[in-house]
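J.: what follows is a predicted structure for the sequence shown.
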Amino acid sequence: MLTKRTSLLTVMGLLTSYLATAQTPAATGPQPTDILSWLAGALAVVVLLMGLMTGVSLATAAAQSDEQAAPAEAEAATSLTAVAAEPQPAAATPVLTAAPALTPEQVLAA
């Protein structure tokens with residue numbers, strides 16, 4: 001019920017304002033909304049061009065980065081195979097020992 005009433009009031013308000021606007025005489029000369037829309041359109045074009053230029057710049061930088069990384073990856077792969085061919089020393093196994101017993105003076109100090 002509340003939604004129906006709200007939507008009916010909104011439609012009636014819009015219809016009333018549309019009818020009132022349709023009855024006013026047309027103004028001669030440029031209207032402020034025309035100037036604002038031209039400015040908003042120009043700003044949108046500038047933003048789109050800047051976005052396009054940024055995207056092209058990022059794509060170029062990524063392509064150059066990939067080209068520079070390819071020789072480095074090949075060099076790293078050859079050095080890894082050389083390192084893998086060398087025998088590795090066995091890792092030392094940890095030895096567990098019991099904790100030393102505390103004296104009564106050490107217990108009181110803690």
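T.: Good, I have the coordinates.

J.: any weak-confidence spans in the protein?
T.: Residue ranges of the chain with pLDDT under 70: 1-2, 24, 26-32, 70-92, 110.

J.: go again using 80 as the cut-off
T.: Counting by pLDDT under 80, the chain shows low-confidence ranges at 1-2, 18-34, 66, 68-102, 107-110.

J.: for it, what spans make up the helices?
T.: 2-23, 32-85, 104-109 (DSSP state H).

J.: as JSON lines, those helices with mean neighbour count would be great.
T.: Yep, even glycine has a C-beta here, placed from its N, CA and C like the rest. Shown next, in JSON lines, are the helices of the chain (neighbours: other Cβ atoms under 10 Å):
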{"stretch": "helix 2-23", "mean neighbour count": "9"}
{"stretch": "helix 32-85", "mean neighbour count": "10"}
{"stretch": "helix 104-109", "mean neighbour count": "8"}
